[in-house]
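> Any chance you could fold what I've pasted below:
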Amino acid sequence: MSLRRLSHAISEGQGISILVEVADRDGARRAEEQGAKGLAVRSERVGVRDATELPLLWCAEGGFRDAHGSGADAVVLVVESADDALEELYEEAQELGLECVVEVRDEEELEDVLERLDPEIFLLTADEADDGQEHLDRVLELLPDVPAGKLAIAELARPTREDVAELERAGVDAVLVAAPDVAGLVDEPPPEV
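Coordinates of the predicted model:
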């Protein structure tokens with residue numbers, strides 16, 4: 001089992017954690033230097049695991065079997081893609097020592113997941129936002145249905161510092177971003193004295 005636990009990284013400390021999607025080892029190093037608590041990849045990225053000790057979340061569409069070999073610590077299970085195999089995939093990922101982050105797009109999927117599994121971490125995505133609905137608002141609509149004691153990660157492509165602050169106030173534990181400038185999303189460090 002991995003020593004890098006995504007759940008620990010996003011639940012420890014104060015405030016909301018930032019998880020950053022990276023494409024290479026330089027991006028991984030920059031994200032870590034700027035305060036990211038974890039990294040995400042959409043496919044195997046040479047050198048990302050070697051560049052950092054941060055937890056690595058595998059977000060690749062269509063499966064996670066390559067995640068274990070690439071050094072990932074957690075995997076996103078997409079309810080829509082998994083369909084009838086959700087329980088089997090969840091169990092298989094856990095047997096490989098991977099934490100499972102279950103992606104839900106709407107209240108119906110969230111309810112279905114809670115009936116079928118007992119995941120610790122949810123990824124709330126705005127893929128099912130209504131026409132004209134802000135992605136932030138869609139994610140915030142899903143949050144109240146996440147049971148107490150579970151971790152919630154919001155997925156927003158380009159959040160502002162104000163978006164991150166609003167997510168934190170609402171009780172979101174982490175935000176997954178594709179933004180290259182993590183420092184602009186986290187609170188400024190205290191001044192040195």
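
> okay, and the helix or strand of this structure with the least pLDDT?
Per-element confidence for the chain was summarised using mean pLDDT, DSSP states H and E. The lowest value among helices and strands belongs to helix 65-69, with a mean of 69.

> Could you tell me which strands sit next to the next helix or strand after that one in the sheet, and their orientation?
Heading C-terminal from helix 65-69, the first helix or strand you meet, by DSSP states H and E, is strand 74-78. Strand partners for strand 74-78, identified by DSSP bridges, are recorded as strand 56-58 (parallel), strand 99-104 (parallel).

> highest average neighbour count across these?
strand 56-58 (a mean of 26; mean count of other C-beta atoms under 10 Å). The way it works is simple: take the backbone N, C-alpha and C, and place the C-beta from them, glycine included.

> Break down the chain into its strands, ranges please.
Here the chain has its strands, by DSSP state E, at 17-21, 38-41, 56-58, 74-78, 99-104, 121-125, 151-155, 174-177.

> mind checking which of those is nearest R4?
Taking C-beta to C-beta as the criterion, strand 56-58 is the member of the strands of the chain that comes nearest to R4, at 7.2 Å.

> So what pairs up with the residue nearest to A67 when sequence neighbours are not counted in the strands?
In space, and not counting its chain neighbours, A67 is closest to W58: 3.5 Å by C-beta to C-beta, 6 or more residues apart in numbering. Note on W58: beta-bridge partners V41, V75, judged by DSSP bridges.

> try L151
Beta bridges link L151 to I121 when assigned by DSSP bridges.

> correct me, but it touches I10?
Yes - at 6.1 Å, L151 and I10 qualify as touching, with contact defined as C-beta atoms under 8 Å.

> who touches both of these two?
121, 173-174 (C-beta atoms under 8 Å, 6 or more residues apart in numbering).

> residue ranges with poor pLDDT in the protein?
Scanning the chain for pLDDT under 70 picks out 1-3, 45-46, 61-65, 68-69, 128-133, 179-181, 183, 186-193.
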